[in-house]
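>>> sequence and predicted structure below; questions after.
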Amino acid sequence: MTHVLIGYARCSTDKQDLAAQRQVLLQLGVTPERIYTDKGFTGTNRARPGLDQALAAVRSGDTLVVPKLDRLARSVPDARAIGDALAARGVKLQLGASVHDPVDPMGKLFFNILATFAEFEADLIRLRTREGMAVARAKGKLRGKKPKLSDRQQRELRRMYDTGDYAISDLAELFSISRPTVYRTLDRQPATPTVVVV
């Protein structure tokens with residue numbers, strides 16, 4: 001019975017390139033038709049169709065080859081669950097050039113350390129992203145959606161609405177905006193004070 005190498009590669013965003021990871025897998029002896037990939041899926045997202053296909057393709061005695069552990073999982077529990085599931089099926093896990101042996105205590109320890117680092121790295125990236133967004137927001141570079149109408153247009157819309165001569169649909173058509181935008185604008189703008197002529 002021949003034992004085969006099944007490869008898996010993943011990148012988090014559609015803009016990232018899988019070519020480098022694919023090249024590593026080919027160098028490690030995985031044939032092109034046995035490489036499964038996910039693009040646009042984060043490591044923390046467990047619903048990864050490419051990974052599911054790779055896990056379904058491996059049989060007892062086969063080896064699942066991944067360029068780096070963080071491509072397979074970004075949390076310790078997830079990495080351990082995948083590692084344990086593969087071991088239970090008699091499938092070896094190869095991370096880059098090193099094969100993870102779940103039976104060997106040193107191998108198990110090394111795998112857990114790698115998984116912890118992968119999770120730590122993912123947490124750092126999330127933290128840096130949040131900090132970057134906070135800085136951008138403080139500098140005024142990251143604002144919410146701008147109102148579709150200028151202040152003057154919003155006041156005019158309110159004034160026209162308050163005359164009672166225009167329906168919401170009329171205002172939406174006149175200002176080329178949607179009905180929900182008309183309602184939001186009316187919520188933001190105080191009612192026009194009525195002038196009582198004595």
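Thanks, I have it. Numbering: from 1, shown residues only.
>>> show me what the one helix or strand Gly132 maps to is packed up against.
Using DSSP states H and E, Gly132 sits in helix 105-138. Judged by 3 or more C-beta pairs under 8 Å, 6 or more residues apart in numbering; DSSP states H and E, helix 105-138 is in contact with helix 69-72, helix 76-88, strand 92-95, strand 98-100. Using the backbone N, CA and C atoms, a C-beta is placed for each residue, glycine as well.
>>> of all those, which one comes closest to Leu114?
Leu114 sits nearest to helix 69-72 of all those, at 4.7 Å, using C-beta to C-beta.
>>> who are the packing partners of the closest one?
Judged by 3+ C-beta pairs under 8 Å, 6+ apart, helix 69-72 is in contact with strand 5-11, helix 76-88, helix 105-138.
>>> of those, flag the one that's most buried.
For the helices and strands packed on helix 69-72, the largest average neighbour count (mean count of other C-beta atoms under 10 Å) is found in strand 5-11, namely a mean of 24.
>>> alpha carbons only: can I get that strand in CSV?
Provided in CSV are the C-alpha atoms of strand 5-11 (Å, rounded to 0.1, in the frame of the first residue of the first chain):
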residue,chain,number,x,y,z
LEU,A,5,1.7,13.1,0.8
ILE,A,6,-1.3,15.5,0.9
GLY,A,7,-0.5,19.2,1.0
TYR,A,8,-2.4,22.1,2.4
ALA,A,9,-1.8,25.9,2.0
ARG,A,10,-3.9,28.8,3.2
CYS,A,11,-3.8,32.6,3.1
